[in-house]
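Q: Okay, sequence plus prediction incoming.
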Amino acid sequence: MLDRSAFIQNPESGIYTMHVDAELLSEFVPKPLVTHAEAERIEQARSQTRRKSFVLGRSVLRLLVAEILGVDPQTIQVGVRPDGSLYLIDLPGSISLSHSGNSAAAVFSERSVGIDIEEVKPRRDDLYTYVLHRDEYDLLSDSGLENNEATILFWTLKEAVLKGRRSGLRHSPKDVRLDIDFDSRKGLAVVGGEEEWTVVYERLSDKFQSIAFR
Ligand SMILES: CC(C)(COP(=O)(O)OP(=O)(O)OC[C@H]1O[C@@H](n2cnc3c(N)ncnc32)[C@H](O)[C@@H]1OP(=O)(O)O)[C@@H](O)C(=O)NCCC(=O)NCCS
């Protein structure tokens, strides 16, 4: 049996994250943690990848919340707002989750939070022009990373912010301006010139994981 708490990290005070690979889920729970209603809903999804990632995401989220709040994971009710963001029904705290490749990650906090994970793999050469504002292009060289890798990192940082504020990609990533300290893997993101979010990130094998909180 794996030590579940070893998979829960606390990158900042009051922020808890959990990241699990699909093949490890059975080490945590005998069967996926989805409600009957969720299972029925996701059965309608055409893509098997989507069905799998949904089940993994909900399971990781429930494992994390159960561990932090000390409740039975089977009893955790997760609501979906009209904008697509998630909330805990009858429990305190903010949540967010992300899936990419064969893993999913969740974050829980009393503060507003967002999380994003992305696989580091070759993407379109011009992706950075969609992610970064022209004034941010220096970040690419400042990061010390190769361009594709840096672009994916900035993508996760900005998407974590957009998920934390619940607008998602309805809001342009270019309007989220980053100021990152690459040594401490921490920084500030400012949306629309005034709304400030703290961002932290880490590299987990083939993925970047970023978290944004207020
Ligand atoms: C939120 C969003 C940025 C996630 O993109 P992604 O990188 O493909 O996916 P991730 O795995 O990182 O995150 C998906 C999770 O984000 C959450 N999410 C969805 N919409 C969200 C929002 N507006 N705010 C915060 N979180 C949101 C959900 O939990 C979702 O997982 P679930 O459907 O299994 O519950 C993107 O879906 C988006 O911008 N959605 C809003 C805009 C929209 O609805 N566009 C139409 C799409 S057809």
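A: The structure has been received and is ready for your questions. Residues are numbered from 1 along each chain as shown.
Q: V199 should be in a helix, yeah?
A: No. Counting by DSSP: H, G, I helix; E, B strand; the rest coil, V199 is not found in a helix; it is strand.
Q: Roughly how far does it sit from T156?
A: Separation of V199 from T156 (C-beta to C-beta, to the nearest Å): 9 Å. Backbone N, C-alpha and C define where each C-beta goes, glycine included.
Q: tell me, what's touching those two both at once?
A: Residues touching both V199 and T156 (C-beta atoms under 8 Å, 6 or more residues apart in numbering) are S210.
Q: In this structure, mark out all the strands, start to finish.
A: Listed in chain order, the strands of the chain (DSSP state E) span residues 8-12, 15-21, 77-80, 86-89, 94-100, 103-109, 113-119, 176-181, 186-191, 195-204, 207-213.
Q: Can you confirm whether the longest one lies near the ligand?
A: The one in question is strand 195-204. No. If you take C-beta under 6 Å from any ligand atom as the test, strand 195-204 misses the ligand, and the best it gets is 13.1 Å.
Q: so for that strand, what's the average pLDDT?
A: Averaging pLDDT along strand 195-204 gives 96.
Q: Tell me what angle that strand forms with strand 113-119.
A: Relative orientation of strand 195-204 versus strand 113-119 (axes from the mean of the first three to the mean of the last three C-alpha atoms, to 10 degrees): 40 degrees.
Q: partners of strand 195-204, with directions?
A: Sheet pairing for strand 195-204, assigned by DSSP bridges, gives strand 186-191 (antiparallel), strand 207-213 (antiparallel).
Q: Which positions within the shortest one qualify as buried?
A: Applying a neighbour-count criterion of 16 or more other C-beta atoms under 10 Å, one finds G187, A189, V191 buried in strand 186-191.
Q: Show me which residues of the chain are close to the ligand?
A: Neighbours of the ligand within the chain, by C-beta under 6 Å from any ligand atom: 54, 57, 83-86, 96-99, 116, 159, 162-163, 166, 168-170.
Q: Kindly recompute the last result at 8 Å.
A: Neighbours of the ligand within the chain, by C-beta under 8 Å from any ligand atom: 53-54, 57-58, 80-81, 83-86, 96-100, 104, 114-118, 159, 162-170.
Q: Among these, name the buried ones.
A: 53-54, 57-58, 85-86, 96-100, 104, 114-118, 159, 162-167.
Q: okay, now the domains of the protein?
A: Split into domains by automatic domain parsing, the chain comes to 4-111, 119-204.
Q: Show me how far the shortest one is from its chain's centre.
A: Meaning domain 119-204. Mean-position distance between domain 119-204 and its chain equals 13 Å (C-alpha atoms, centre = their mean, to the nearest Å).
Q: Many thanks, I have nothing further to ask.
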